[in-house]
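[1] need coordinates for the following:
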Amino acid sequence: MGHHSFAKNDQVTHPRNRPGAKDPTVAMTRDQFADVDDPQARRAHLPERTVCSRCNAVVHNGLWKMDAGQKHLLLSMGAASEVVCPACRQVEEHAPEGVLTLRGNFLREHAVEIVHLIRNEADEALVDNPMERIIDLRTTEDEWVVETTNEKLAQRIGRAVYRAYKGDLDYHWGGGNHLARVDWTRDS
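    Residues are numbered from 1 along each chain as shown. Alright, predicted model coming up:
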């Protein structure tokens with residue numbers, strides 16, 4: 001197996017280094033920090049009865065959930081407030097936060113099985129968190145690139161491919177830009 005890089009984000013480890021920190025003696029919790037420089041994050045929580053105008057996501061207890069029935073009910077009652085959810089915005093703006101690159105001869109030989117595995121992992125992730133989606137899957141003769149709406153989905157799919165087919169798996173995290181790169185390679 002390839003090496004793993006677990007670089008720390010200095011702005012989380014040492015929050016006083018974060019640009020615009022008001023009180024350098026007060027540490028931010030991870031959930032507070034996560035949205036500081038995320039362009040997709042909303043600054044205020046959306047109220048219940050908020051639905052995505054593009055997909056079946058509905059705000060429930062402050063979180064997005066996939067619920068086509070609830071969305072239809074809220075819309076038919078005229079009680080829904082429609083917005084475009086963060087994941088749909090990311091897909092529209094083509095703004096990935098995770099990039100999985102798959103390479104090697106093994107990929108060509110097992111393309112159908114690997115595509116099914118990628119789709120199954122993405123479908124399972126969508127049930128857990130509707131903000132985790134595949135933005136794009138591009139294939140060439142030499143490599144496949146899977147772009148995802150967040151780092152976790154790229155890592156999840158990479159781990160699933162590794163568990164199923166072994167090979168080499170490497171992780172690379174960007175600084176404060178919320179981008180994870182996952183590389184999987186197997187030649188034979």
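
[2] where does the residue nearest in space to the middle of the chain land on pLDDT?
    Residue closest to the average C-alpha location in the chain (CA atoms, centre = their mean): Asn150, at 1.9 Å. Note on Asn150: pLDDT of 93.

[3] same deal with Leu179?
    88.

[4] ok, the one 5 residues further on next?
    The model reports Trp184 with a pLDDT of 97.

[5] model confidence for Thr140, exactly?
    pLDDT, Thr140: 88.

[6] what about it, how many residues nearby?
    Applying other CB atoms under 10 Å, we find 8 residues neighbouring Thr140. Quick note: C-beta positions are derived from backbone N, CA and C, even for glycine.

[7] pull up the gap between it and Val115, please.
    For Thr140, the distance to Val115 equals 14 Å [CB to CB, to the nearest Å].

[8] and what of Pro47?
    On the measure of CB to CB, Pro47 and Val115 end up 39 Å apart.

[9] ok so, going back, wait, the residue nearest to the centre of the chain sits on Pro130?
    No. Look at Asn150 against Pro130 with CB atoms under 8 Å: they stay out of range, at 11.3 Å.

[10] where does Asp187 sit: helix, strand or coil?
    Asp187 falls in the coil class when you classify it by DSSP: H, G, I helix; E, B strand; the rest coil.

[11] run a quick neighbour tally on it.
    Neighbours of Asp187 (other CB under 10 Å): 10.

[12] repeat for Val145
    The local packing of Val145 (other CB under 10 Å) involves 15 other residues.

[13] next, the contact list for it, please.
    Listed by CB atoms under 8 Å, 6 or more residues apart in numbering, the contact set of Val145 reads 99-102, 136-139.

[14] and these, which are buried?
    The neighbour count (16 or more other CB atoms under 10 Å) marks 99-102, 137 as buried among those.

[15] closest one of these to Arg186?
    Closest to Arg186 out of these is Leu102 (8.6 Å), distances taken as CB to CB.

[16] if I look at that closest one, how far off is Thr185?
    Taken as CB to CB, the span from Leu102 to Thr185 is 8 Å.

[17] just to revisit the earlier point, just give me the closest of the contacts of Val145 to Pro86.
    The shortest approach to Pro86 among these belongs to Asp136, at 16.9 Å (CB to CB).

[18] how far away is the closest residue to that closest one other than its chain neighbours from Pro47?
    Nearest residue to Asp136 in three dimensions, chain neighbours excluded: Glu147, at 4.6 Å (CB to CB, 6 or more residues apart in numbering). Using CB to CB, we find Glu147 at a distance of 31 Å from Pro47.

[19] what helices or strands is whichever helix in the chain runs longest leaning on?
    Counting by DSSP state H, the longest helix found in the chain is helix 111-128. Taking 3 or more CB pairs under 8 Å, 6 or more residues apart in numbering; DSSP states H and E as contact, the helices and strands that helix 111-128 lies on are strand 134-139, strand 143-148, helix 151-165.
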